[in-house]
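**Student:** Sharing a model prediction with you, sequence too.
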Amino acid sequence: MMACVRRRVWLACSLGAFALNASASEPCAIPEPSLKKGGVAVGWVAENSPITVGRHFAMNVRLCPADAKLVRVDATMPEHRHGMNYKASFAALGEGRWRVEGMMFHMPGRWLLRFDVSAAGRTETLTESITLP
């Protein structure tokens, strides 16, 4: 859990700095660490860090390329074979930035966070494992 919390705090600072310093003419860049697959990259940070069992949280998401579209955000518990009790909603903020609301991990354990991203006529699924005590 501590590694995840440290990663998210660092990423939050990096994404915040990027949002403040980016202009429309600059190339799309996401600070490391990020999720990458098939020419698509996703950086995300939970707004109410650290993520706590049974509490809703929102996320700020950055996609590259900047014209990529977030198609789906979800999370499942693979070992338990179920997902969240709530359906997340999301909205584009422009320049590759998205806001996701309504996330809640209702049980402790391993969650698999999933982002489906559409770019260049393809949809890629990017995942990250998160373990909550």
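**Tutor:** In hand now; what should we look at?

**Student:** can you tell me which residues contact residue 63?
**Tutor:** The contact partners of residue 63, by Cβ atoms under 8 Å, 6 or more residues apart in numbering, come to 28, 40, 41, 42, 69, 70, 96, 97, 98, 117, 119. Backbone N, C-alpha and C define where each C-beta goes, glycine included.

**Student:** let's see 7 Å
**Tutor:** 42, 70, 96, 98, 117 (Cβ atoms under 7 Å, 6 or more residues apart in numbering).

**Student:** Check residue 57 too.
**Tutor:** Residue 57 neighbours (Cβ under 7 Å, 6+ apart): 46, 47, 48, 51, 103.

**Student:** List the beta-bridge partners for it.
**Tutor:** residue 103 (DSSP bridges).

**Student:** What helix or strand is the residue nearest to residue 110 when sequence neighbours are not counted located in?
**Tutor:** Nearest in space to residue 110, with sequence neighbours left out and distances taken as Cβ to Cβ, 6 or more residues apart in numbering, is residue 131 at 4.8 Å. Per DSSP states H and E: residue 131 is located in strand 122-132.

**Student:** by contact count, what packs against that strand?
**Tutor:** strand 35-37, strand 40-46, strand 109-119 (3 or more Cβ pairs under 7 Å, 6 or more residues apart in numbering; DSSP states H and E).
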